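S.K.: Pasted the sequence and its predicted model underneath.
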Amino acid sequence: MNEVFFLVEEAIEGGYTAHALGEPIFTEAETLDELKSEIREAVHCHFEEDQMPKIIRLHMVKEEILLV
């Protein structure tokens, strides 16, 4: 595996969550910098050394509501 993709969203209660697409990996943190560190740690815990992806891609989702 060369890459793993994460969907990053702002949590309703504050902070951020990240879900890996196609892998059972989930993590959360208060700041984006903390989240990036948590994602790296989660990936290292999930994959064996010979299966470790070379790239972690983050897809950031920000929801906004507009009133008409």
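M.R.: Cool, the structure landed.
S.K.: for this structure, which spans come out with low pLDDT?
M.R.: 1 (pLDDT under 70).
S.K.: gap between Tyr16 and Met60?
M.R.: 9 Å (CB to CB, to the nearest Å). C-beta here means a position set from N, CA and C on the backbone, and glycine is covered the same way.
S.K.: just the helices in this structure please.
M.R.: In the chain, the segments counted as helices under DSSP state H are 32-46.
S.K.: Point to the residue nearest the middle of it.
M.R.: Centroid-nearest residue in the chain: Ala18, 3.2 Å away (criterion: CA atoms, centre = their mean).
S.K.: Could I get the contacting residues of it?
M.R.: By CB atoms under 8 Å, 6 or more residues apart in numbering, the residues touching Ala18 are Phe6, Leu7, Val8, Glu9, Ile25, Phe26, Thr27, Glu28, Leu35, Glu38, Ile39, Leu58.
S.K.: change it to 10 Å
M.R.: Neighbouring residues of Ala18 by CB atoms under 10 Å, 6 or more residues apart in numbering: 6-9, 25-29, 32, 35-36, 38-39, 42, 56, 58-60.
S.K.: For ChimeraX, what selects the buried ones among those residues?
M.R.: In ChimeraX, a selection of the buried entries from the contacts of Ala18 looks like this (16 or more other CB atoms under 10 Å):
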select :6,8,9,25,27,28,29,35,36,38,39,42,56
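S.K.: coming back round to it: joint contacts of Tyr16 and Met60?
M.R.: Val8, Glu9, Glu10, Leu32.
S.K.: Kindly indicate which of those lies nearest Leu67.
M.R.: Taking CB to CB as the measure, Glu10 is the one of the shared contacts of Tyr16 and Met60 closest to Leu67, at 19.2 Å.
S.K.: neighbours of the nearest residue to Phe47 once chain neighbours are set aside, just the number please.
M.R.: Setting aside the residues directly before and after it, Phe47 is nearest to Pro53 in space (CB to CB, 6 or more residues apart in numbering), at 6.8 Å. Close neighbours of Pro53, defined as other CB atoms under 10 Å, add up to 16.
S.K.: correct me, but Pro53 touches Glu23?
M.R.: Yes. With contact defined as CB atoms under 10 Å, Pro53 reaches Glu23; the gap is 9.3 Å.
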